[in-house]
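Q: no sequence for this one, just the structure:
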């Protein structure tokens, strides 16, 4: 399949590579072009503008935030204008429910298709094609893209016909991950101050009721206080927190745990942790406990 | 082994039954004696006082709270007085760190042994011998009891020589379960008000990063709003929350998530949910969202 | 002085009336023009567009939110274009720090002046000229406007040369009012459930350490559960809460109390209280207590 | 009147002095007797045991916490035994609702009277006879003590016939003071990080809607970051917070703001602030903001 791939960050580069390996004809674009150039060696075409990358059956965006997506899709002269009729835009990064709704309308007006398919998983999962894909959109279009999802991830969940549903599921999922991080940080602080090692608790948890990647991986990082290199940076964590709070507010749902985590993110940034992994909000909990 | 078993509630009755099945000579005691009488049929002796049940190599207590344990162990004429020298008391219910420390000292003064071995798992797990046992105490005594733990659970974690360590691990584990309940309730509220079924999110979670019993079981109950029959009643949930807050306060560790959950428990009781499972704090979250 | 006055809502109408009474030549504008027409009787000119109202030495805006101000000031053909050189725009409603900064720059580019002068006080205070004015901007311009402030309020605080400083002070002040509302609601819930009347506590408070309008007025409303007519509507409360959280986030300051109040506002809206006074978040606290 | 006065700490010593000055015959007791000896010079008798001090018409206790009161009143051989029939015990320190209820019953059994009369005000107010007294108990007994209250304070509030009501009012009042401290700390953090001095906001507040001692005094301390000497020490602050949370929990009232403040107190102690004034919880807020 002819695939345009926009956004070769820590997630996108592994994903693009997997699409190429699977035999797709991929044209990549990245704002910092040097990063894109490296993909020539593995067989990609390199576009010098998003518009160029949009000449494809499928255009995938994997960008940092709403602003980046808006700039690439909606700015004058950009890919909303240039995508062929009948082609499909798959938005795979974590964007707002509101922007996803807007893209649904705008692509429809241009006779283009739009599928939201954000993913769970960190850069190593992207590289290993072990992502979890949460897809929503018109069934026919989701089916059309399924082969690509299978290449990128270990499992695809189809959650509805309305693309924004996938974004909401992704945002609530990320919210749940932040609650795991915060709760483990608090629990470890108790255990450490009692004189035990955090791993004593972690081993009990992951050996019993909490035997699952999210506790194992984040638990390991927090127990070891190992927050670099960042798989997902602090400011992105705050961004996703803001997005879930905004989505919930629009639906009139209070999220006290997300509010609590929000304050942790803000405090982490106040304390100079912008380069660390988002799980470093644990450090704020530790500091509050005098650790 | 000759085992005294005190406390035949929803957890204890399954546990006592498994000990009997495994060939131990078990003498049971329960405050409401009719409940104990049923155990004659499966081969238990029935004691009419705790003291009588304490004439054994091992005495296990599985009681509702600190007050119940204090009454059985410490009240004048009770089993601290009557346990034979060299016998061991295994405290398996969720009690405070402070009481566990006190029992450590008191049993030692009487030349008795004390092992703390609280368990994770609900009544069905107790019956199926699928509990997770968290044990702490002198190694020799923990080893002496290991055969019993193997009969009661699927796995035993030994977390230290100081009995209270096991209670702290158990309390932080229960705290983590409450954060799962609360976070799922908030996430489901968002998903439901957006027009999706809560199970859409639950399937994504348990099919990906959160594929573990605590999310599957509580997620299922909360999605179905099925809080009866109660596996673990609301007031017991509040009790454990109080215990972890007290233990953390003594260690000078703030637990904002436990504070948040505390307020949910109090609100649940204010709204008449004392008979429901502790996971019904989800209802408070739902109500706050206008659901 | 020739004054353009834009925005004749529950606050603005009292303010405009006071300016007229004091002998200023006032030209009023309101989006719903019928409301403006009533001002002819007291001697105002009535403009049919913001542009018309901007032909003055001073233009005051007293509008609901950022969007309303942006529309009147910044939309094509609007008053940024039409205000005379050397005239001054006084923005008196509660707007964001970010918009205030933007207006500072835009007016300067047009050789116009800009003073931020948000006010504390509810509609009755506006009518009685008892507002508190918090002003910031170039000293010379603030002095130029001082006569108007004296007409509108009982006291003017000048807080800096940077207009946005006044907006930040106003937003933190409103934040503090919400903490008073929430804390009184919680305290009254305790007192009521103990069998006393809320006024027992209120009388002690306002007769001792808390003898000040914000406790007297909101305390009275919450004790009487009298949330209509709304002096300041719930959605405006949530808006100001959002603005202070955004301003604080930009400064990397966590505001856990504002987060808590945020969740109350969202819950109040979820429960259909959008027509009530913002102090009706007390009802959410009461409900959580089973009252 | 013959008055026994027990507890000559920073509050009690000023109070006892005022009672003596007003012409009462006062017999004082303090655990550290040297402190009591100083009162001979101003005309007090000095008791060497609480029992000795209890030979009076009225016995006032002004002690640090429940444990201190229990020890003086309830320990074997203590003043419950020795107070004359018909005499009255006025408990003026901040104790739990539960203990106050217990004292009500115990004194009644001994044909003694019991009035709860906790006070608002810090040591300087105690010395200046500017306290606010919150009294509850049988009317006849409250009236009997009113002359003493008039000597000690500037105003007496009678809140009911049930002594514990006064304790509940006092505890909720202290809770409200902690919300003022915390909210000011958060607001000041915003103002400071924006580049203004905290006093800019404080002047606006105390010059407008918040013109009352609690904002002036605590606001001044927090703005100046002046937390020594401690008028009311951090551990006492945590104690009162615990008491209000316990009272509220018993009434099934969630107090999210008290929970939040609880976590601040615990964090303050974790960071070594046990000697500072309770308003130093502001420092935790400042630290979380990177200040």
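A: Cool, got the structure. Remember, it's a predicted structure, so these values are computed and weren't measured experimentally.

Q: hmm, the longest helix anywhere in chain A touching chain B?
A: Using DSSP state H, we find that the single longest helix of chain A is helix A:163-193. Yes - contact of helix A:163-193 with chain B (CB under 8 Å from any CB of the partner chain) involves A:165, A:168-169, A:172-173, A:175-177, A:179, A:182-184, A:186-187, A:189-191, A:193. (Each C-beta comes from the backbone N, C-alpha and C, glycine too.)

Q: is the helix or strand containing residue A:242 anywhere near chain D?
A: Following DSSP states H and E, the helix or strand that holds residue A:242 is helix A:234-250. No - Helix A:234-250 lies out of reach of chain D by CB under 8 Å from any CB, never closer than 13.4 Å.

Q: ok, then the element right after that helix?
A: That would be, after helix A:234-250 and using DSSP H and E, helix A:256-270.

Q: which elements pack onto that next one?
A: helix A:163-193, helix A:234-250, helix A:281-288, helix B:163-193, helix B:256-270, helix C:256-270, helix D:281-288 (3 or more CB pairs under 8 Å, 6 or more residues apart in numbering or on different chains; DSSP states H and E).

Q: avg pLDDT for it?
A: Average pLDDT, helix A:256-270: 98.

Q: next one: stretch A:125-136
A: Per-region confidence: stretch A:125-136 scores 98 on mean pLDDT.

Q: what comes up buried for that stretch?
A: For stretch A:125-136, the neighbour count (16 or more other CB atoms under 10 Å in any protein chain shown) marks A:125, A:126, A:127, A:129, A:130, A:131, A:132, A:133, A:134, A:135, A:136 as buried.

Q: what's the answer for stretch A:193-202, then?
A: For stretch A:193-202, the neighbour count (16+ other CB under 10 Å) marks A:193, A:194, A:196, A:198, A:200, A:201, A:202 as buried.

Q: okay, and which of those residues map to helices?
A: Cross-referencing the buried residues of stretch A:193-202 against helices under DSSP H gives A:193, A:198, A:200, A:201, A:202.

Q: and the last one, what does it touch?
A: For residue A:202, the residues meeting the contact criterion (CB atoms under 8 Å, 6 or more residues apart in numbering or on different chains) are A:184, A:188, A:215, A:219, A:220, A:223.

Q: list just the nearest of these to residue D:151.
A: Nearest to residue D:151 among the contacts of residue A:202 is residue A:188, at 54.2 Å by CB to CB.

Q: now the closest one. Nearest residue, chain neighbours left out?
A: residue A:198 (4.0 Å; CB to CB, 6 or more residues apart in numbering or on different chains).

Q: just to revisit the earlier point, contact partners of the helix holding residue A:242?
A: Residues contacting helix A:234-250 (CB under 8 Å, 6+ apart): A:64-65, A:94-98, A:168, A:171-172, A:174-175, A:178, A:254-255, A:258-259, A:261-262, A:265-266, A:268-269, A:273-278, A:280-281, B:190, B:194, C:238, C:266.

Q: derive a ChimeraX selection command for the buried subset of the residues you listed.
A: Applying 16+ other CB under 10 Å to the contacts of helix A:234-250, the buried members can be selected in ChimeraX as follows:
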select /A:64,65,94,95,96,97,168,171,172,174,175,178,254,255,258,259,261,262,265,266,268,269,273,276,277,278,280,281 /B:190,194 /C:238,266
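
Q: give me the beta-bridge partners of residue A:134?
A: residue A:157 (DSSP bridges).

Q: and it, how far from residue A:287?
A: Applying CB to CB, to the nearest Å, the value for residue A:134 to residue A:287 is 34 Å.

Q: swap in residue A:148?
A: Here the criterion is CB to CB. By it, residue A:148 lies 44 Å from residue A:287.

Q: the stretch 51-200 of chain A: strands as residue ranges?
A: Listed in chain order, the strands of the stretch 51-200 of chain A (DSSP state E, counting those that start in this stretch) span residues A:58-61, A:88-91, A:113-116, A:119-120, A:131-135, A:153-158.

Q: doesn't residue A:201 make contact with residue A:188?
A: Yes - with contact defined as CB atoms under 8 Å, residue A:188 counts as touching residue A:201 (6.5 Å).

Q: chain D: which of the buried residues of stretch A:193-202 is nearest?
A: residue A:193 (8.2 Å; CB to the nearest CB).

Q: the residue lying closest to the closest one once chain neighbours are set aside: neighbour count?
A: Closest residue to residue A:193 apart from its sequence neighbours, by CB to CB, 6+ apart: residue B:251 at 4.2 Å. For residue B:251, the neighbour count with other CB atoms under 10 Å in any protein chain shown is 20.

Q: give me phi/psi at residue B:251?
A: Taking degrees, to the nearest 10, you get phi -90, psi 0 for the backbone angles of residue B:251.

Q: that one against residue A:194, yeah?
A: Yes - with contact defined as CB under 8 Å, residue B:251 counts as touching residue A:194 (5.8 Å).

Q: ok so, going back, what residues of the helix holding residue A:242 count as buried?
A: For helix A:234-250, the neighbour count (16+ other CB under 10 Å) marks A:234-245, A:247-249 as buried.

Q: ok, so of those, who is nearest residue A:87?
A: Closest approach to residue A:87 among the buried residues of helix A:234-250 (CB to CB): residue A:243, at 26.7 Å.

Q: what pLDDT does the closest one get?
A: For residue A:243, the model assigns a pLDDT of 97.

Q: separation between it and chain D?
A: Residue A:243 sits 23 Å away from chain D, going by CB to the nearest CB, to the nearest Å.

Q: check contacts around residue A:288.
A: Listed by CB under 8 Å, 6+ apart, the contact set of residue A:288 reads B:254, D:263, D:267, D:270, D:284, D:288.

Q: does the second one really touch residue B:254, like I thought?
A: In this case it means residue D:263. Yes - between residue D:263 and residue B:254 there is a contact under CB under 8 Å: 3.7 Å.

Q: for residue A:130, phi and psi?
A: phi -110, psi 20.

Q: now it: how far from residue A:13?
A: Counting by CB to CB - residue A:130 and residue A:13 are separated by 15 Å.

Q: just to check, residue A:12 is in contact with residue A:18?
A: No - with contact defined as CB under 8 Å, residue A:12 does not count as touching residue A:18 (10.7 Å).
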